[in-house]
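J.: Any chance you can model this:
(chains A and B)
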Amino acid sequence: MKVFNVFTAFFLILLLATASSCGQKSTITQVNRDIIFAIGQAPLNLDPRYATDAASERVNRLIYQSLVDFDTQSKPIPSLATWVTISPTEYRFTLKRNCAPFHHVPNSVQTFLTAHDVKATYDSFTIIKDSPHAAEFDNIKNIIVTDGRTVVFHLKQPDSHFPAKLIIGILPAKLIAMDQDFSHAPVGNGPLKLVAWRNQLNLVRVSDGQKISLLEVKDPTVRVLKLLHGEADVLQGELPPELVKYLQTKPDVIVKTNRGANFSYLGLNMQDPVLKNLKVRQAIAHAIDRDAIIQKVMVANTRVASAILPPEHYTNQHPLPIYEYKPALAKQLLLEAGIKLPLKLVYKTSTDAQRVRFATIMQAQMLLAGIDLEIRSLDWGTFFEDVKQGNFQLYGLTWVGIKTPEIYDKAFGSNSIPPNGFNRGRYADSELDQLLLDENWQAATARIHSQLPYIPLWYEGQFAAMRKEIHNFSPKPDGNWDDLATISRYAH
Amino acid sequence: MIRRFTGFCIVIFGVLLLTFLLIHLVPGDPVEVMLGESASLADRAVLRDDLGLNQPIIYQFGHYLNKLAHADFGQSIHTKTPIIELIKTRYPATLKLAFLSLLIGLSIGIPMGIYAALKAGKWQDLIVTLVSVRLSAMPAFWLGPMLMLIFAVWLGWVPVSGMESNASIILPALTLGFGLSAILTRMTRTSLLEVLSDDYIRTARAKGLTESNVIVRHALRAALLPIITIVGLQMGSLLAGTVITETIFSWDGIGRLLVESIEKRDYPVTQACVLVVALSYVLVNLLTDMLYRLADPRVKFAH
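T.: Okay, here's the model as predicted:
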């Protein structure tokens, strides 16, 4: 039995060693002095010329500043600079006098942002060949610096929305010339500065030195556990509603909600022989009980949607009617379209649990309208590839952070069919093309609403949960993290 | 040894060729991943040319092998990080987790297996069997959050997840180690029971050797071969990265990197990860073969 005893002793030693490591509470406490923001997906790239994922764009808004930003109606407003339209192809931007300096880089002199930095940032799009944003700036003919604060953009073609495109964070010209790796060592002049990026993203607020760490925790349940245990101070979005409700019952946690502006929809393949028929599309729109879904399985402040841009958007002055849940009418429309019931359709979605749940509910609702919906849940890469290739009948996605009405052209214009744009449903409508060309956004929105290349679903409500000692943070309609510039912790 | 090394090289070449071909056969275009959907056809053509994607596939494979020979895995499409840097940071994390899990698995599994074998047919054996069956039936996605809830949230002994402190490794290692210990308990019990009924064990006992001597010097050594096989296979899986455990515990290992790269269609990262995983498997197998020879000299003679 000595053998057994030796093994037992060894295991006990291991357990004791484990327990002694557990005693290192000081390490955990040390980490928690920062404000820890638990996020579902870490940023991929902190170079604003390359970043496309939501997390990177949200962090880049805090590290860098851009020439232009948007107001609550999504109208472009001056941020770093004011502008004047000299001619349809000529815009002059003048930097404000009180621009913050670029973050200090060790072994170099701190510099203030000038017109040369603006020129260098936008000129660099002509040099780098693999930027996903480069196409946005193909229309720039040249950029002229007239003095330290003024820069003039000359365009090849008139573009009335050009200022709204200048939302790329400005980089220091000197570092661009030195081929700085902004992806991992960003230097901007925003309210937060990057300190380190290993397992988590460590930022520091320039104004008062408050440390803020962004910690990637993929699993929603684990994010909640970390918040309850005090290993995270704030989390925002990406939780199933039952976990949000659970957090609302916890005395140490505050949950704040806000209306959302990100548009969820069902995309339709307009080249599909069945879905080409408008009556079929109308039937699908009337076969979904959005109100019931919102009430039962979504967070507070979720709104039924009727267009990509929300009602508060400056182009959306006249609200559009909502497609109400009328399964009998839906069935009638299908019969009028000459469809033999049940109509079999395939719906593709990602493997995200909440998306699959929506799909399952819609499947049950549609059955009452005579639609037999088959759900195919695919890994994100395969799903998105299928959507881009047009390999679908129906799919579900969300447009995030959309501000300009040009989205209608990119998503529905007949010249935007892949590989030339986002018109993944291959919708071609000359009447809509003309309205888009005339920039008659109201009529274009109404046309899209009546023709239903998308079935509008909802703008999902935004929420943030935080420890009760956290203040000055609330969720924003597009889900941005701008309040990290003001967030603070108070002892109770 | 030369034969083994030749086999090793052939396997690695096969893996390289297969991953290269598979990556080029799956739907998706690296140029589109880089430039997005709004890029012009002209921009795409320029980038495609720059990346050498217009070249014949044989030429591309040769170019890939040449870069690998210079330890150049390329860079991530999305993060622009050199892939060698990603591997350097992720693989040690997986190694650390794998070895600690193995240690826990061995520390629990082998003593429990021996104990069950010695008490075969008695109530102690039944309890050990029940516990090991229960442990092997608990998936990581359930056991992990349960351990978090008990040891992190309720007792507050360890962090819930992450890699910020030394104690962070305990829960993921226990999650993996418990599963492994269940397999090892069953295997050790079965293997030892077979050996304990052999004549030479009876002879050893008749010679008046102590029970511990009989178990350690005679029975356990002979029972080790199937256990080494299982440990080798399990270690290979652990080194390949245990995606679910790494994801639940926010452990930045190679398995998580591989799955994320597949999701994001980050082809160069996927290729590099598959290569590292394959190398791990092959090396662990090689090591297992060497351990066979140490445990049982007859294996050496057979060769």
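
J.: what residues does the stretch 201-303 of chain B put near chain A?
T.: B:210-212, B:215-216, B:220, B:247-250, B:252, B:262-265 (Cβ under 8 Å from any Cβ of the partner chain). Heads up, the C-betas are built off the backbone N, CA and C, glycines and all.

J.: Just give me the closest of the residues you listed to chain A.
T.: Using Cβ to the nearest Cβ, B:Ser212 is the member of these that lies nearest chain A, at 3.8 Å.

J.: Now B:Leu35: closest residue in space, sequence neighbours ignored.
T.: Excluding the flanking residues, the one nearest B:Leu35 by Cβ to Cβ, 6 or more residues apart in numbering or on different chains is A:Pro132, at 5.4 Å.

J.: any idea how far B:Arg44 is from that neighbour?
T.: Counting by Cβ to Cβ, to the nearest Å, the gap from A:Pro132 to B:Arg44 is 11 Å.

J.: who touches both of the two?
T.: Common contacts of A:Pro132 and B:Arg44, defined by Cβ atoms under 8 Å, 6 or more residues apart in numbering or on different chains, comprise B:Leu35.

J.: Surely A:Pro251 is within a strand?
T.: No - per DSSP: H, G, I helix; E, B strand; the rest coil, A:Pro251 lies outside any strand segment and is coil.

J.: check contacts around it.
T.: Each residue near A:Pro251 by Cβ under 8 Å, 6+ apart is listed here: A:Lys468.

J.: how near is it to B:Val216?
T.: Counting by Cβ to Cβ, the gap from A:Pro251 to B:Val216 is 56 Å.

J.: Most neighbours among the residues of the stretch 201-303 of chain B next to chain A, which one?
T.: Comparing these by number of neighbours (other Cβ atoms under 10 Å in any protein chain shown), B:Phe249 comes first, having 34 neighbours.

J.: Leaving out sequence neighbours, find the closest residue to A:Glu324.
T.: A:His286 (6.8 Å).

J.: check contacts around the one you found.
T.: Neighbour list for A:His286: A:Tyr323, A:Glu324, A:Tyr325, A:Lys326, A:Pro327, A:Leu329, A:Ala330, A:Leu333, A:Ala369 [criterion: Cβ under 8 Å, 6+ apart].

J.: out of those residues, which one sits closest to chain B?
T.: A:Tyr323 (27.6 Å).

J.: Quick check: phi and psi on that closest one?
T.: A:Tyr323 adopts backbone torsions of phi -80, psi 110, taken as degrees, to the nearest 10.

J.: Briefly note if the longest helix along chain B comes near chain A.
T.: Counting residues, the longest helix in chain B under DSSP state H turns out to be helix B:83-118. Yes - counting by Cβ under 8 Å from any Cβ, chain A is contacted by helix B:83-118 at B:Thr89, B:Leu103, B:Ile104, B:Ser107, B:Ile108, B:Ile110, B:Pro111, B:Ile114, B:Tyr115, B:Leu118.

J.: and the residues you listed, which are buried?
T.: Buried members of those, scored by 16 or more other Cβ atoms under 10 Å in any protein chain shown, are B:Leu103, B:Ile104, B:Ser107, B:Ile108, B:Ile110, B:Pro111, B:Ile114, B:Tyr115, B:Leu118.

J.: Just the endpoints, please. Distance across stretch B:263-272?
T.: With Cα to Cα, to the nearest Å as the measure, stretch B:263-272 spans 15 Å from end to end.

J.: no wait, stretch A:238-252
T.: Note: stretch A:238-252 ends 20 Å apart using Cα to Cα.

J.: mean confidence score for it?
T.: Averaged over stretch A:238-252, pLDDT sits at 92.

J.: List the buried residues in it.
T.: So stretch A:238-252, judged by 16+ other Cβ under 10 Å, has buried residues A:Glu238, A:Leu239, A:Pro240, A:Pro241, A:Leu243, A:Val244, A:Tyr246, A:Leu247.

J.: residue contacts, the first one?
T.: The one in question is A:Glu238. Neighbour list for A:Glu238: A:Gly40, A:Pro220, A:Arg223 [criterion: Cβ under 8 Å, 6+ apart].

J.: how deep is residue 198 tucked in, by neighbour count?
T.: Assuming you mean chain A. The local packing of A:Arg198 (other Cβ under 10 Å) involves 10 other residues.

J.: I was thinking of chain B, sorry if that wasn't clear
T.: B:Asp198: 13 surrounding residues under other Cβ under 10 Å.

J.: Appreciated, that's everything.
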